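>>> compute the structure for the input listed below.
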Amino acid sequence: MRYAQLSAFAADEPDRFWVEVADKLAWTKRWDKVLGDGQGPIPRWFIGGELNACHNCVDRHVDDGFGDQVAIQYESAVTQISRSLTFAELKDATARLGGAMRARGVAKGDRIIIYMPNSPEAVIAMLACARIGAIHSVVFGGFAAKELAARIDDATPKLVIAASCGIEGAKVLPYQPMLEEAYAIADHRIEATIYWQREQAPADIGKTDAVDWADEIANAEPAPCEPVKATDPLYILYTSGTTGQPKGIVRDTGGYLAALAWTMEGIYNCPPGSTYWAASDVGWVVGHSYIVYGPLLNRNTTVVFEGKPVGTPDAGIFWSIMAKHKVRSFFTAPTAIRAIKQVDPEGALAAGHDLSSLKAVYLAGERTDPSTLEWTEKLLSKPVVDHWWQTETGWAICANPLGVEELPTKAGSTSVPMPGWDIACLDEDGVPVAANETGAIVARLPLPPGAAPTLWKAEERYVEAYLERYVGYYLSGDAGYIDEDGFVYVMTRTDDVINVAGHRLSSSAIEEVLAANPSVAECAVVGIHDDLKGQIPAGFVVLKAGEQSDSGLLQQQLVLDVRTAIGPVAAFKQVHIVSKLPKTRSGKILRRNIRQIADREEATIPATIEDRAVLEEYYKLFEYESGAV
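Model prediction:
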């Protein structure tokens, strides 16, 4: 089927559509009902069905004769280590670690926190939990002790599986001190910490119930795969809410695996046996869906990369690894491409690499500005897909489904809703707006498989955050518009809409103009307080490496560009040239924090911020001391 037919099929006959997808998975018990009430605030998928995620991702491929295929290709740019694990080796590793956890009393439904950097061991830990029916919660290695303690108290895990250290560029970061600090803060007591020892900074084994990964699995009895209900949680993934309070996104097992199974070929055009690379971190939802479960489910080799797009060793590392492993589909964040573009604006470091296996680049995590999309397309001569999804949804809401049909690319648009997603733009009163008019982007219920059905131990908070605002719809928290062809433009978070004397402006629309200037590497626009107009937009731009533009002339030009493109209604007069933008570790720009600092409010800094010190520049810019960084 072509895209229009497929979407109509999913809309008109959702049960039949998703059954055809789910039938490709291995079930130990078939479902009683495809979509039912189940438990929780929204309907659940595959009620009564039972299966195991690790079996579907690993064991069944070995059983089918693909045990010798590489499952994980690990590339550590920070240690210069490259190694691979086959599906047979991955099966043995998950079975042994699962057995070691069972020997320590871990049972189906128990929670395990995983505190590790990008590594095969992190993937093994996640799959080993799934193997025995335990619920994993991955927390970034190096995450602050206070925030880790909050997650420990919320999830109440039996064990923690950790690396002894992480490596951030040239810096070695021991994890044991942070874990012990978190244990001292938390009310919940951990029974043991299993450390994967790294030679750069080994953990002190025997201290505070610390045990060695290698010792634990050496004599462990391999654990079989334990079937769980399709509606049972596979994992809890904590994300910072707008208040800074973490919320545990719950991902059910059956619906999630079904959705991912469709996306690997429908969206990512990546048939079994080919190589897929999501340059993300296992701590993010992208890492869960497209480093671990999606590719392995589809029998793809998945690349696990430890490093950064620039500086480890240079801005050519992505192209080098793609060529080395014949990557077919590549997924990263727009901010990674902008970082490469800033350091290597001509793309010289891509020259000489054989990228003939690469079929497309996929960008998500934050809106892809047209200039970044066009730069990437020109450099690689490959389709670039800007697609939109969220931690809560687990997979793409909107995308260009290259495995079904390549649709036209519209710069600035995340393309069209994927099968199962019914998207609308509503005004303040819940009335659909006209084509090309900005509104709150929502999804009609029921949500398709894979979307989070609730929050961990916080159903009321789930309803309040996502379902109360517009009855019958899921509130995405994003604002934008849908054009006359049905293409969706996700412009900004609803909190980032700038109200200038009653005129609602999208920060992304102004950013688009700023980013088009050849001197600008990346930028952010926020609405700051103004006594007369309520708010006015202020721009913050980072220049490309080596750019020597006269700052006064550049600022004047950028103001003129915005006035020409948006109009005088934007009241755009402030442009600040900064060295860096504050971001989360996933690359999302912290516009809220910039606005709070500019308005002299107390900044609610999320735990996922990449570098708190970056904010000092903004406090100095607005001429007051932070006291918070």
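>>> would you agree Thr287 is in contact with Val138?
I think there's a mix-up here, since residue 287 is Gly and not Thr. Yes - here Gly287 reaches Val138: they are 7.5 Å apart, a contact under CB atoms under 8 Å. Glycine gets a C-beta too; all of them are placed from N, C-alpha and C.
>>> so these two - more neighbours on which side?
Val138 (27 against 24; other CB atoms under 10 Å).
>>> measure the more buried one to Lys91 for me?
21 Å (CB to CB, to the nearest Å).
>>> helices of the stretch 351-500 of the chain, residue ranges please.
In the stretch 351-500 of the chain, the segments counted as helices under DSSP state H, counting those that start in this stretch are 370-380, 459-462.
>>> most tightly surrounded among those helices?
helix 370-380 (a mean of 18; mean count of other CB atoms under 10 Å).
>>> elements contacting that one?
Where contact means 3 or more CB pairs under 8 Å, 6 or more residues apart in numbering; DSSP states H and E, helix 370-380 is packed against helix 334-343, strand 360-363, strand 384-386, helix 507-515.
>>> contacts for the second one?
For strand 360-363, the surrounding residues in contact (CB atoms under 8 Å, 6 or more residues apart in numbering) are 267-269, 329-334, 337, 372-373, 376, 380, 382-387, 399, 402.
>>> let's see 10 Å
Here strand 360-363 makes contact (CB atoms under 10 Å, 6 or more residues apart in numbering) with 267-270, 278, 286, 290, 318, 322, 327-337, 368, 372-373, 376-377, 379-380, 382-387, 396, 399-400, 402-403, 406, 414.
>>> and the average pLDDT for it is what?
Strand 360-363 carries an average pLDDT of 98.
>>> re the thing from before, in PyMOL, select just the buried ones from the contacts of strand 360-363.
Restricted to buried positions by 16 or more other CB atoms under 10 Å, the PyMOL selection for the contacts of strand 360-363 reads:
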select buried, resi 267+268+269+270+278+286+290+318+322+327+328+329+330+331+332+333+334+335+336+337+368+372+373+376+379+380+383+384+385+386+387+396+399+400+402+403+414
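>>> with distance to Asp204 as extra columns, can I get the helices and strands packed on helix 370-380 in a markdown table?
Output for the helices and strands packed on helix 370-380, formatted as a markdown table (distance: least, CB to CB, whole Å):
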| stretch | distance to Asp204 |
| --- | --- |
| helix 334-343 | 35 |
| strand 360-363 | 42 |
| strand 384-386 | 46 |
| helix 507-515 | 48 |
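>>> just name the most buried of these.
Buried most deeply of the helices and strands packed on helix 370-380, by mean count of other CB under 10 Å, is strand 384-386, with a mean of 26.
>>> follow-up on the earlier one: could the helices of the stretch 351-500 of the chain go into TSV alongside distance to Phe87 and mean pLDDT?
Formatted as TSV, these follow (distance: least, CB to CB, whole Å; pLDDT from 0 to 100):
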stretch	distance to Phe87	mean pLDDT
helix 370-380	30	95
helix 459-462	36	92
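>>> quick one, which of the ones you listed is nearest to Tyr624?
Closest approach to Tyr624 among the helices of the stretch 351-500 of the chain (CB to CB): helix 370-380, 33.2 Å.
>>> fine by me, thanks again.
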